[in-house]
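A.B. asks: Fold the following.
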Amino acid sequence: MVETITILHTPGCPNLLLVRARLADALARLPGTAPRVVVEEVSDPEQAGRRGFHGSPALLVDGVDPFVGPTSPPAFACRTYRTESGVDGAPSVDQIVAALAAGQEPRPSAARPAGTEPAR
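C.D. replies: Just a heads-up that it's a prediction; the model follows:
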């Protein structure tokens, strides 16, 4: 069972509201008690490196980013995701549901390499 979901984001992330809305929709689809949701700002590149942050927004499931590939370097940048309908600024609701249901199973093909766009 997932205990905590953390949304990490850079200051002014244009996709923070999108990921929050999609997470809310995903949680509404799942049975049982909703996990705790924490939202944290990653304020600079040094903090991004220390946290292993792979771009904004990032969704951590019990501390693990299920949407990052094993070779993606930390990045203080905007992040894009490959979804069923193309490249987007957040995982789709279905991808989030799958990640939560899998309990942290990584899906490397879902994330575009971090650092492809500068943070806004």
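
A.B. asks: Number of residues surrounding the residue lying closest to Ser92 once chain neighbours are set aside?
C.D. replies: Excluding its sequence neighbours, the residue lying closest to Ser92 (Cβ to Cβ, 6 or more residues apart in numbering) is Thr83, at 4.2 Å. (C-beta placed from N, C-alpha, C; glycine too.) A count of neighbours around Thr83, defined by other Cβ atoms under 10 Å, yields 17.

A.B. asks: for Val42, same thing?
C.D. replies: Residues lying near Val42 (other Cβ under 10 Å) number 24.

A.B. asks: Quick check on it: phi, psi?
C.D. replies: phi -100, psi 110 (degrees, to the nearest 10).

A.B. asks: Surely it and Ser56 touch.
C.D. replies: Yes: using Cβ atoms under 8 Å, Val42 is in contact with Ser56, at 7.0 Å.

A.B. asks: Now for those two: what residues contact both?
C.D. replies: Residues touching both Val42 and Ser56 (Cβ atoms under 8 Å, 6 or more residues apart in numbering): 8-10.

A.B. asks: Of these - the most surrounded one?
C.D. replies: Of those, with other Cβ under 10 Å as the count, Thr10 tops at 28 neighbours.

A.B. asks: where does it land on pLDDT?
C.D. replies: Per-residue pLDDT puts Thr10 at 97.
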